[in-house]
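1. Got a sequence here, can you build the structure:
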Amino acid sequence: MTETSLTPDTLVMAAPAEEAPVRAAAKPRAAMLGHVLYVLRENPVTGLAFAMFAFFVGSALLGAWLVPYDPLATDATATLQPPSAQHWFGTDNLGRDVFSRVIVATRLDLMISVAAVAMSFVIGSVLGAVAGYRGGLIDVATSRVLDTIMAFPLFVLAMGIVAALGNTVANIIYATAIINIPFYARLVRAEVNIRRDAGFTLAAKLAGNSDARVLAFHIFPNALPPMMVQVSLNLGWAILNAAGLSFIGLGVRPPTPEWGIMVAEGANYIVSGEWWLALFPGLWLMLAVFTFNLMGDGLRDIVDPRQRT
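-> Just a heads-up that it's a prediction; the model follows:
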């Protein structure tokens with residue numbers, strides 16, 4: 001058995017060989033980052049939407065530590081005060097700072113929206129992909145179940161689910177996810193059904209890839225662009241759905257800060273002139289939905305394989 005001595009020359013020659021995989025792995029990440037920056041630079045509206053989204057995420061993560069008042073603390077001496085330098089959005093009928101409650105409520109509303117949309121995205125994508133790729137009885141059965149769900153007014157269906165299971169945050173997420181599943185399932189089914197006999201799909205099969213791998217790595221990525229538009233729309237709808245359930249008393253329970261509850265409580269005081277109680281929570285709700293709607297085109301361009309250079 002011979003021993004190989006390591007000289008300075010061999011060490012110098014070995015270093016590039018070890019660093020090559022690292023550089024190769026870094027190239028796709030750098031290319032993806034460059035593509036994202038290109039999309040944001042070429043579309044100012046998308047850049048504005050992502051900036052607003054970053055603001056809402058920052059409010060959700062850090063709002064509880066940045067607000068000037070405890071959102072649950074009451075003050076009998078400061079009830080129904082209009083907006084001022086001390087209370088930017090005024091105070092409510094219990095003396096609670098409206099600005100602090102609006103900012104802190106961002107975490108709960110975004111959490112409900114993102115969790116519900118993520119759940120419906122995963123379940124709907126799997127159902128639609130399998131139905132579109134396999135076809136036959138699986139496709140027929142899945143389509144009839146989805147048609148049954150969509151036959152109901154979706155908000156009324158969500159009301160029924162929450163009323164039956166109880167108005168907890170988890171049940172609100174489940175109800176919102178259930179009513180959104182058909183949108184993703186039908187969209188993915190159509191996209192997969194179009195591409196299952198495409199040339200690149202047949203080439204992937206001839207290369208020895210399994211059906212699951214062909215579906216996951218070759219067909220599904222091409223269905224992502226239109227789905228990203230649907231995701232952005234559903235994020236806004238999910239926030240409106242959660243706020244609507246809270247508005248009618250089937251959502252989050254007081255005194256938890258939540259935009260829908262705050263609008264419902266403030267609506268009772270509009271006639272008497274305390275307009276700020278409903279205006280500012282409603283404005284924040286509108287801005288959140290507006291942000292998600294604007295993000296759709298940008299997300300589509302970012303994940304579209306045909307847009308990458």
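2. okay but A185 is in contact with G132, surely?
-> No. Assessed by C-beta atoms under 8 Å, A185 is found out of contact with G132, at 9.2 Å. To be clear about C-beta, it is placed using only N, CA and C from the backbone, and glycine gets the same treatment.
3. does P225 really touch D297, like I thought?
-> No. P225 lies out of contact with D297 (C-beta under 8 Å); the separation is 9.9 Å.
4. Tell me which residue lies nearest the centroid of this protein.
-> V114 (4.0 Å; C-alpha atoms, centre = their mean).
5. Name the SS class of the nearest residue to that residue once chain neighbours are set aside, please.
-> Spatial nearest neighbour of V114, excluding adjacent residues (C-beta to C-beta, 6 or more residues apart in numbering): L235 at 7.0 Å. When classified by DSSP: H, G, I helix; E, B strand; the rest coil, L235 comes out as helix.
6. what's around L235, how many residues?
-> Burial measure for L235: 25 neighbouring residues, criterion other C-beta atoms under 10 Å.
7. same deal with the one 10 residues further on?
-> The local packing count at L245 equals 27, with neighbours defined by other C-beta under 10 Å.
8. Could you list the low-pLDDT ranges of the stretch 201-309 of the chain?
-> In the predicted model of the stretch 201-309 of the chain, residues 301, 303-309 satisfy pLDDT under 70.
9. so who does the nearest residue to W237 once chain neighbours are set aside touch?
-> Using C-beta to C-beta, 6+ apart and skipping the chain neighbours, the partner closest in space to W237 is N180 (7.3 Å). Applying C-beta atoms under 8 Å, 6 or more residues apart in numbering, we find N180 in contact with A116, V117, S120, G124, N234, W237, A238.
10. now swap in Q81 and tell me
-> H87, G90, T91.
11. Let's test this: mean pLDDT of the longest helix seen in the chain, rounded?
-> Looking across the chain with DSSP state H, the single longest helix is helix 98-134. Averaged across helix 98-134, the pLDDT comes to 93.
12. likewise stretch 52-64?
-> Mean predicted lDDT for stretch 52-64 stands at 92.
13. residues making contact with that stretch?
-> With C-beta under 8 Å, 6+ apart, stretch 52-64 has contacts from 103-104, 106-107, 110-111, 287-288, 290-292, 294-295.
14. can you map out the helices along the stretch 101-250 of the chain?
-> Using DSSP state H, counting those that start in this stretch, the helices of the stretch 101-250 of the chain run over 136-151, 154-165, 169-195, 199-206, 211-214, 220-247.
15. in the last one, what's buried?
-> This means helix 220-247. 220, 222-247 (16 or more other C-beta atoms under 10 Å).
16. Quick one: list the elements packing against it.
-> helix 98-134, helix 154-165, helix 169-195, helix 259-267, helix 276-303 (3 or more C-beta pairs under 8 Å, 6 or more residues apart in numbering; DSSP states H and E).
17. quick one: which of the ones you listed is nearest N43?
-> Comparing these by their distance to N43 (C-beta to C-beta), the top pick is helix 276-303, with 6.1 Å.
18. and the closest one with helix 259-267, angle?
-> Angle, helix 276-303 to helix 259-267, by axes from the mean of the first three to the mean of the last three C-alpha atoms, to 10 degrees: 150 degrees.
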